[in-house]
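Visitor: Could you work out the structure for the sequence below:
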Amino acid sequence: MTLEEADYILTVLKSVDVRHVLEVGGGGGAARLWRDELHPDLLISVNGDEGINEEGIEYVRGRPSHDPLTQEVVRGLLAGRKLDFLFIGGGDTVEVRASCRAYIPRVRRGGIVAMHDIDVCDEERDIRSLWKLLADDDGIITTEFHDATGVGIVWKE
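Guide: Residues are numbered from 1 along each chain as shown. Just a heads-up that it's a prediction; the model follows:
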């Protein structure tokens, strides 16, 4: 994610009360940014940087983000709370689709979902098509920022 993409997301997030954050597949670097800029009460990073443990970030590693055991651990950390912000950091098409199905329902009404790599469309990854499916859903508001591989943002209704 470029600095411009990160700044765009942070600008949007300033308009929302962000207390519970989940980063999926972002490599962990974005989790540090969310922690330092948003100061959430709970920040979960699924499949973040291996071997790095930063204060203020709950890491869930070792299995794909959509694996039932991973989802169970995330549910336990959330302890009944809804997400205010979900960041899906890209990856292959199957992983991103499965992450969307697993975690978007955990975002509260008025919460935000940001997806990275929305301009990527190649043999292994067709994130653009997944983004279009999500963005074309009735009753939601979306915006996009195109720098490098692109970022899409959805306000969940």
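Visitor: Name the residues that touch the helix or strand hosting R109?
Guide: Using DSSP states H and E, R109 maps to strand 107-116. For strand 107-116, the surrounding residues in contact (C-beta atoms under 8 Å, 6 or more residues apart in numbering) are 1, 5, 9, 12-13, 16, 18, 26, 82-90, 96, 104, 127, 130-131, 134, 149-157. C-beta: built from backbone N, CA, C; applies to glycine.
Visitor: Could you give me the buried positions within it?
Guide: Across strand 107-116, burial judged by 16 or more other C-beta atoms under 10 Å covers V107, G111, I112, V113, A114, M115, H116.
Visitor: Tell me who's in contact with the most centrally placed residue in the chain.
Guide: Compute the mean C-alpha point of the chain, and by C-alpha atoms, centre = their mean the closest residue is F87, 1.3 Å away. Contacts for F87 were tallied using C-beta under 8 Å, 6+ apart; they are I9, V21, L22, E23, V24, G26, A30, W34, V113, A114, M115, H116.
Visitor: and the strand holding R109, how far out from the chain's middle?
Guide: 8 Å (C-alpha atoms, centre = their mean, to the nearest Å).
Visitor: so where do the helices sit in the chain?
Guide: In the chain, the helices defined using DSSP state H lie at 3-13, 29-38, 68-78, 93-103, 127-135.
Visitor: so which of those gets nearest I57?
Guide: Among the helices of the chain, the nearest to I57 by C-beta to C-beta is helix 29-38 (5.1 Å).
Visitor: what sits up against that closest one?
Guide: With C-beta under 8 Å, 6+ apart as the criterion, helix 29-38 contacts 1, 6, 10, 13, 18, 21, 23, 40, 43, 45, 48-49, 54, 56-57, 85, 87, 89.
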